[in-house]
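Chemist: predicted model follows, preceded by the sequence.
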Amino acid sequence: MKKIQKREFTAWLFLLPSFVGTLIFTLIPFGDVIRRSFLDAMGNQFVGVLNYKNVLQNGAFQLAIKNTARFVVTCIPLLLLLSLILCILIVGRKKHGDFFKATYLFPMAIPVASVVLLWRVIFDKSGLINEFLLSFNMQPVDFMNTSKAFYVLVFSYIWKNTGYDMVLWLAGLNGIPTSLYEAASIDGANGWQKFKYITLPGLRSTLYITLVLSLINSFKVFREVYLVAGDYPNNSIYMLQHLFNNWFLSMDIQKMSAAAVMLAVTFLLLILLLSWLEKRWEGDYKKKRRLTHKNENI
Amino acid sequence: MKIFKVISTITLIVTALIIILPLCMMLGGSFMGEDEIIQSIGKIYGLSKAEVHWRIIPQYPTFQAFIELLLDTPQFFVMFWNSCKQALLGVLIQLLVSVPAAWSFARFRFRGKKIIFMIYIILMILPFQVTMVSSYLVLDKFKIMNSHLAIIVPIVFSTFPVFIMERFFKAIPKSIIEAARIDGANELQIFFYVGIPIGLPGIISAGVLSFLEAWNAIEAPLTFLKDKSLWPLSLYLPSISIDNLGLAMVSSVIVMLPAILIFLFGQRYLEKGIVASGIKE
């Protein structure tokens, strides 16, 4: 018994610096934020859900939520599909596979600030893309100052994240035992059948984790928006972070607290939902496999 | 089947070009003289009437902009130094704190471990916007708003590296640790002589990922640093573009360099780190 206690003590010694820091700099302050989200501006009167109501009815908040949701819903399927395709194209290549992988991963290392200038050169009203369009007698598009700014973001996000997601997919693919493919070949399965019945089900949990990580990264796209378009961008790319910055400038702690709590809850619920879906899918898959096995035995 | 292979190769090459081209353009641009830059892209900024175009290899390559930046732009050094202080110092202290924490999670059983680790994962997942207010409140309380510490402290207590390194430490075979214990090593010795050397790839992975993130910081300095003389390059850069395009180009390339070096040196670790971040709990 004493030995176990001593081990527990040692464990805590290792953990302590990190845990105390997290407690002081994250957990306790966040608790305070939850508390403040129910108080008035002076911080001593309980006002119930008033702050939440104010935030939800705020026009800028609705716009930011709409844009953020639109961005996530557009980009993530696109990114997942693109990176999966590239991953499948790369996976069989012994010779140049590593070269392509490194190339696709490269943008992840590039600071946003370094490419902002270039994005302007490419997407500006008189930029490279529009020169190109003009040379085909097509209408130029003002990407930066109209609702088309959204597409600049989509491009930027995908440019930056494709390699990251591809590496995740590759790890998932490598986790599928090759014996399954060999067995399928013996049974006479073609490439598409193998993909449908072995690869896709085998990538289930990779899909889940890649989805979650892409979601996290999609919230970082504010960097591009901010550096390209500043504090007040076109309405189509007004993101949650802009709203928080503006509330921050006016020191509207109440609204920020309520919005932060709601954002945290939404985020966690979303991830719980995804994880639940993934588990259910896995259950379905196992059940199906068991059934087919039974049939074979008969 | 053969045609399939050809199409796939072409797709891969075209994608690689799309990804790499912007970087080559920046690199080429940094060797252009001010005149050539204005000739090429001045129209965007209303400085020239010529159509926008871009040569990857400049017509009149010159070091002019580099020299100007290194000799005549003292504020550039201030910003560069700010970036170094915030990112490097932040990541170094972060590792000092989070390596033992990851070791504790990976190697010990203690009451509350599951729930604490869960909290660490949640904190790692939440976007900056969620913790922005709480961070502000606590930084303000400790009177370190508007100082380098306001950027460094949140980096130090980020839980992401703990999560990454825990995966690596957990993968160390138990037999090795048992062997060390039988040889009479105590917990501290096991940590220093077995854990750190064998888990080193994990530590480097976490360091590389954290550094790239910190070097690219925008949100935190924008909110926590009022004083522009404290800003890191990543935030300061866009504001020089209008005054001096040549300088902007060169500084963009210089900002990229540390990140590129880290990438080239640590690409293997970066990959391992990404894979580790994708291992499900």
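Modeler: Alright, I've got the coordinates. Residues are numbered from 1 along each chain as shown, chains lettered A, B, ... in the order given.

Chemist: what pLDDT does the spatially most central residue of chain A get?
Modeler: By CA atoms, centre = their mean, chain A has its centre lying nearest to A:Leu215, at 1.8 Å. Confidence at A:Leu215, expressed as pLDDT, is 90.

Chemist: surely it touches A:Leu273?
Modeler: No: A:Leu215 lies out of contact with A:Leu273 (CB atoms under 8 Å); the separation is 11.7 Å. Heads up, the C-betas are built off the backbone N, CA and C, glycines and all.

Chemist: how about the strands in the stretch 1-150 of chain B?
Modeler: Per DSSP state E, counting those that start in this stretch, the stretch 1-150 of chain B carries no strands over any range.

Chemist: can you tell me the residue of the stretch 151-298 of chain A closest to chain B?
Modeler: Nearest residue of the stretch 151-298 of chain A to chain B: A:Phe219, at 3.7 Å (CB to the nearest CB).

Chemist: next, that residue: secondary structure please.
Modeler: helix (DSSP: H, G, I helix; E, B strand; the rest coil).

Chemist: which sections of the stretch 1-150 of chain A are below the confidence cut-off?
Modeler: Low-confidence segments of the stretch 1-150 of chain A, defined by pLDDT under 70: A:1.

Chemist: so which residues of it form helices?
Modeler: A:2-22, A:28-36, A:50-57, A:59-91, A:97-105, A:112-123, A:128-135, A:149-174 (DSSP state H, counting those that start in this stretch).

Chemist: which of these sits closest to B:Asn216?
Modeler: For the helices of the stretch 1-150 of chain A, proximity to B:Asn216 was assessed by CB to CB; helix A:112-123 is nearest, at 6.0 Å.

Chemist: now do the closest one and helix A:149-174, the angle between them.
Modeler: Compare the direction of helix A:112-123 with that of helix A:149-174 by axes from the mean of the first three to the mean of the last three CA atoms, to 10 degrees and you get 120 degrees.

Chemist: so how far is B:Met26 from B:Ser205?
Modeler: 27 Å (CB to CB, to the nearest Å).

Chemist: which of these two has more neighbours?
Modeler: B:Ser205 (27 against 21; other CB atoms under 10 Å in any protein chain shown).

Chemist: OK, contacts around the more buried one?
Modeler: By CB atoms under 8 Å, 6 or more residues apart in numbering or on different chains, the residues touching B:Ser205 are B:164-165, B:168, B:266, B:269-270, B:272-273, B:276.

Chemist: quick one: which of those is the most crowded by neighbours?
Modeler: B:Met165 leads those on contacts (other CB under 10 Å) with 30 neighbours.

Chemist: which strand or helix spans that residue?
Modeler: Applying DSSP states H and E as the criterion places B:Met165 in helix B:160-170.

Chemist: got the contact list for that helix?
Modeler: Contacts of helix B:160-170 (CB under 8 Å, 6+ apart): A:18, B:94-95, B:98-99, B:101-103, B:105-107, B:117, B:120-121, B:124, B:195, B:199, B:201-203, B:205-207, B:209-210, B:273, B:276-277, B:279.

Chemist: now, those residues that are in helices?
Modeler: A:18, B:94-95, B:98-99, B:101-103, B:105-107, B:117, B:120-121, B:124, B:199, B:201-203, B:205-207, B:209-210, B:273, B:276-277 (DSSP state H).

Chemist: buried ones from those residues, can you make that a ChimeraX selection?
Modeler: The following ChimeraX line selects those of those that are buried, judged by 16 or more other CB atoms under 10 Å in any protein chain shown:
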select /A:18 /B:94,95,98,99,101,102,103,105,106,107,117,120,124,199,201,202,203,205,206,207,209,210,273,276,277
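
Chemist: against chain A, how distant is B:Gly112?
Modeler: Using CB to the nearest CB, to the nearest Å, B:Gly112 is found at 10 Å from chain A.

Chemist: just B:Leu70 next, same as before
Modeler: For B:Leu70 relative to chain A (CB to the nearest CB), the value is 18 Å.

Chemist: tally of neighbours for that residue?
Modeler: 13.

Chemist: mind checking how far it is from B:Phe63?
Modeler: With CB to CB as the criterion, B:Leu70 and B:Phe63 are 9 Å apart.

Chemist: how about A:Ala149?
Modeler: Counting by CB to CB, the gap from A:Ala149 to B:Phe63 is 35 Å.

Chemist: so, in contact with chain B or not, the helix or strand in which A:Tyr181 is found?
Modeler: In the assignment (DSSP H and E), A:Tyr181 maps to helix A:178-186. No: interface with chain B: helix A:178-186 contributes nothing (CB under 8 Å from any CB of the partner chain), its closest point being 14.6 Å away.

Chemist: and the next helix-or-strand element following that helix, how far from the chain's centre?
Modeler: Going down the chain from helix A:178-186, the next helix or strand is helix A:191-194, by DSSP H and E. Taking CA atoms, centre = their mean, to the nearest Å, one finds helix A:191-194 lying 30 Å from the centre of the chain it belongs to.
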